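# Sequence below, structure please.
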Amino acid sequence: MQFGTGLMAAYTTLTDQELADSLRSGDQLAFKELYNRYWTVLLDTAYKRLDSTEAAEEVVQDLFVSLFIKRESLKITYSLDGYLKNALKYKIFDIFRSQYIHNKYVDNVLNQNGVLSLTPEHEMQVKELALKIDRATQKMPEKCREVFLMSRMENLSNKSIASKLSISVSTVEKHISKAMHILEKDFKEYHLEIALVFFYLLRK
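So this is what the prediction gives:
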């Protein structure tokens, strides 16, 4: 769909909140303006974390698609800028989580005597494990989840996490301990083989 330049120009004067309100009602011009306004800054942020232009473009595109699909239920409690950056952060965490689990499972569990035997059953186990961990992390308090994902999925040291989040190292340790307690509880009655792999992957 093509939009007139003059009409689009009028949307550039709207505030983020006004654009968000218009987007909820399905206004495509509002969505286009939000896309133009935030695409570059979100892409730069994603690239710094993923170090891949293709991966960065894909995750930001996915973010905007999700934004439009969920537009009617869009709730912004602080700022649109903060909302989008926070949403991007968790999408990137999802990427790290999936890559981390798959790579560690393949490198450390499936490679036997230098021979890789990645069967459909193993692939299913990897997906099942990732889904289980994702559901468990959603039960964590927001800051606890953020610290845990930075530690286990981005492999950052406690000191680096403390510096990035402006909190003490002891606070980081408490968040990680709480996260592991939540995960241990979730995996307590889980299939033994997957549970053992889980603790092998996530304990440093």
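
# For the rest of this, base every contact and every neighbour count on C-alpha atoms.
Fine.

# remind me which residues of this protein are low pLDDT?
Under the criterion pLDDT under 70, the flagged ranges of the chain are 1-8, 97-123, 125-127, 130, 188-204.

# just the helices in the protein please.
For the chain, the helices identified by DSSP state H occupy 5-11, 16-24, 28-50, 53-69, 80-105, 120-137, 142-152, 158-165, 169-187, 192-202, in order along the chain.

# Any chance of the ones you listed in TSV with mean neighbour count as columns?
Formatted as TSV, the entries for the helices of the chain read as follows, by neighbours: other Cα atoms under 10 Å:
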stretch	mean neighbour count
helix 5-11	11
helix 16-24	18
helix 28-50	17
helix 53-69	16
helix 80-105	17
helix 120-137	15
helix 142-152	19
helix 158-165	15
helix 169-187	17
helix 192-202	15
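
# Can you give me the domain assignment for this protein?
For the chain, the domain assignment from automatic domain parsing gives the residue ranges 1-76, 90-204.

# And the ones you listed: which comes nearest residue 84?
Each of those was scored for nearness to residue 84 using Cα to Cα, and the closest is domain 1-76 (8.0 Å).

# for the closest one, the distance to its chain's centre please.
18 Å (Cα atoms, centre = their mean, to the nearest Å).

# Residue numbering should commence at 157 henceforth.
OK, 157 is where the count begins now, so the last one is domain 157-232.

# picking that back up, nearest to residue 238 among the domains of the chain would be which one?
Of the domains of the chain, the one closest to residue 238 (Cα to Cα) turns out to be domain 157-232, at 8.9 Å.

# which residues are contacting stretch 323-340?
In this structure, residues lying in contact with stretch 323-340 by Cα atoms under 8 Å, 6 or more residues apart in numbering are 289, 292-293, 295-296, 299-301, 303-304, 307, 314-315, 317-318.

# quick one: which of the residues you listed is nearest to residue 193?
Sorting those by how near they are to residue 193, with Cα to Cα, puts residue 299 at the top with 28.1 Å.

# Leaving out the residues flanking it, which one is nearest to the closest one?
Distance criterion Cα to Cα, 6 or more residues apart in numbering; nearest residue to residue 299, sequence neighbours excluded, is residue 331 at 7.6 Å.

# Check residue 209 too.
Distance criterion Cα to Cα, 6+ apart; nearest residue to residue 209, sequence neighbours excluded, is residue 203 at 6.0 Å.

# Now do the one you found against residue 311, distance only.
Applying Cα to Cα, to the nearest Å, one obtains 18 Å for the distance of residue 203 from residue 311.
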